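Novice: next input, structure requested:
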Amino acid sequence: MAENIHAQQICGIVLDEISREPLIGASVYLPSFQSGTSTDNNGYFCIPTSGSENIMVQVSYIGYKKYQIIVPPRASDSLLVILLTPGIAIDEITVVESSQRNRPGGAVDVPIQLIKKLPNILGEPDLLKSFQLMPGVKMGDEGSSPVFDTTKYFDFITLIPSVS
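Specialist: Okay, the predicted model is just below:
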């Protein structure tokens, strides 16, 4: 005797209640099955189910009110249209730089205390060596000058003393 096995699933689309735009990545969860999914790029989702009881569906999305619906077993093969209401109003945020110093891009402050801890030549701090240890500064090959790179004409390192 062949038994008619019909796989059930809950499918639907999650939309913004006001604009009717699909909500991409909304969370859809079935607590009784301890399973869930998220909506695709068009706001659609499908979750396989089984059984002949009512199924609670919970839908949530950042900035929207959580939505719960109970789906009867006979309606589990129909498409649910879930409209989420915006629930959290966020005011405009302005980011302001905390430091008002005006410095050119790529400028780095090197404290004198740090320079004094670096390698010495004849008892004096080696300023050029300290610049080679900074992030983003490439060390030259043996026999090349750190001040003038012969592979790039007119590239110079400018040393400007900093007052701390």
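
Novice: other residues contacting stretch 56-68?
Specialist: Residues outside stretch 56-68 that contact it (C-beta atoms under 8 Å, 6 or more residues apart in numbering): 10, 12, 14, 16, 23, 25-32, 69-71, 80, 82, 84-88, 90. The C-beta positions use only the backbone N, C-alpha and C, and glycine is treated the same way.

Novice: quickly find the element holding Ala107.
Specialist: Using DSSP states H and E, Ala107 falls within no helix or strand.

Novice: distance check, Phe45 against Glu92.
Specialist: 32 Å (C-beta to C-beta, to the nearest Å).

Novice: who has more neighbours, those two?
Specialist: A direct count of neighbours by other C-beta atoms under 10 Å for Phe45 and Glu92 places Phe45 higher, at 23 against 4.

Novice: check contacts around the more buried one.
Specialist: So Phe45 contacts Cys11, Gly12, Ile13, Val14, Ala26, Val28, Thr37, Ser38, Thr39 (C-beta under 8 Å, 6+ apart).

Novice: picking that back up, now the contacts of stretch 56-68: which count as buried?
Specialist: For these, a burial check counting by 16 or more other C-beta atoms under 10 Å picks out 10, 12, 14, 16, 23, 26-30, 71, 80, 82, 84.

Novice: sort out for me which of those are in strands.
Specialist: Using DSSP state E, the subset of these located in strands is Ile10, Gly12, Val14, Asp16, Ser27, Val28, Tyr29, Leu30, Val71, Leu80, Ile82, Leu84.

Novice: pull the most distant pair out of the residues you listed.
Specialist: Farthest-apart pair in those is Asp16 and Leu30; separation 22.4 Å (C-beta to C-beta).

Novice: end to end on stretch 81-95, go ahead and measure it.
Specialist: Distance between the boundary residues of stretch 81-95 (C-alpha to C-alpha, to the nearest Å) amounts to 38 Å.
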